[in-house]
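Chemist: Got a sequence here, can you build the structure:
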Amino acid sequence: MSIFKLAELLIFPTFCKLCTTLLDGEEEKVVCNSCLKKLTPSYSSCCVCCGRFFSSPVEPHICKQCLEQKPPYSLHRSCGFYDGELKDILLLFKYKGFRSLGKDLILFAINVMGEKHFLWQEMDVIIPVPLHPSRQRQRGFNQSKILAHELAKLKKIKIESRILIKIKNKPPQTSLDAKTRRRNLIGAFQVKNKSAIKGKTVLLVDDVFTTGATLAECSKTILKAGAKSVSALTLAQA
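Modeler: Okay, here's the model as predicted:
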């Protein structure tokens, strides 16, 4: 331990926001390494298209919902279920303003998916799911934008964080059922600069996947603006 770290611990001791252990590691911030190691990936099989986890141990296949109506995005993958340490850390990141957790969450995603996962193979641009300006002012930041920037840096993929914007400020999606979510988001997004994504393969990044309505509407908007294809990555699936 460096003398500077020791002095920092003596004068300004900080503790893990989950287990209250003293943060004495050089790289430890907000959450200790032991809690970060408890982040649990999902080992469940999932739909090869929309990425929804199956409740029973079956081979990956296209789910009934995608067979009936294929989503506009080519594929989506989540890293784990929205529970346990993953949920706790996402809540700290999203609602308590601990932005540095964005890097930890993306490192977790890369570890789960693998360094050479097809999600980041041949991707031209990463786009975060946007918040409405009033919602972003209220929160102070867009958590998806932070995640997208961390992923772009680590995977060396171009990011366009201002091209896709949300133009309709609707109620939070968490309070709505699937049908209402889809209807609520129609026309909610807009692409500002179509030339920046024309013919490009796009990776959408968001924090939590619930019904897929947000990813679907964002994808429709991006494809309509001329993108070649859209895939999506989320940290957790509720």
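Chemist: The chain: helices as residue ranges?
Modeler: Using DSSP state H, the helices of the chain run over 3-11, 33-36, 64-68, 84-95, 101-113, 133-139, 143-155, 178-185, 213-224.
Chemist: So which of those helices is nearest residue 232?
Modeler: helix 213-224 (4.8 Å; CB to CB). Where you see a C-beta, it was placed from the backbone N, CA and C, and this is true even at glycine.
Chemist: For the closest one, enumerate the helices and strands it packs against.
Modeler: The contact analysis (3 or more CB pairs under 8 Å, 6 or more residues apart in numbering; DSSP states H and E) places helix 213-224 against strand 164-166, helix 178-185, strand 189-191, strand 201-209, strand 229-237.
Chemist: what residue ranges in this protein score low on pLDDT?
Modeler: Within the chain, the segments meeting pLDDT under 70 span 1-12, 171-176.
Chemist: one more time with 50
Modeler: Scanning the chain for pLDDT under 50 picks out 7, 9.
Chemist: residue contacts, the closest residue to residue 51 other than its chain neighbours?
Modeler: Spatial nearest neighbour of residue 51, excluding adjacent residues (CB to CB, 6 or more residues apart in numbering): residue 76 at 4.0 Å. The contact partners of residue 76, taken as CB atoms under 8 Å, 6 or more residues apart in numbering, are 49-51, 209, 212, 215, 231-234.
Chemist: switch to 7 Å and redo it
Modeler: 50-51, 209, 215, 231-232 (CB atoms under 7 Å, 6 or more residues apart in numbering).
Chemist: So which of the helices of the chain is nearest residue 120?
Modeler: Using CB to CB, those put helix 143-155 closest to residue 120, at 4.7 Å.
Chemist: for that closest one, packing partners?
Modeler: Packing contacts for helix 143-155, counted by 3 or more CB pairs under 7 Å, 6 or more residues apart in numbering; DSSP states H and E, involve helix 101-113, strand 125-128, strand 158-159, strand 201-209.
Chemist: Counting neighbours, which bits of it end up buried?
Modeler: Using 16 or more other CB atoms under 10 Å as the test for burial, helix 143-155 gives 143-152, 155.
Chemist: from the residues you listed, which is closest to residue 20?
Modeler: When the buried residues of helix 143-155 are compared for distance to residue 20 (CB to CB), residue 143 comes out closest, at 24.1 Å.
Chemist: Could you find the closest non-adjacent residue to the closest one?
Modeler: Spatial nearest neighbour of residue 143, chain neighbours left out: residue 94 (4.7 Å); criterion: CB to CB, 6+ apart.
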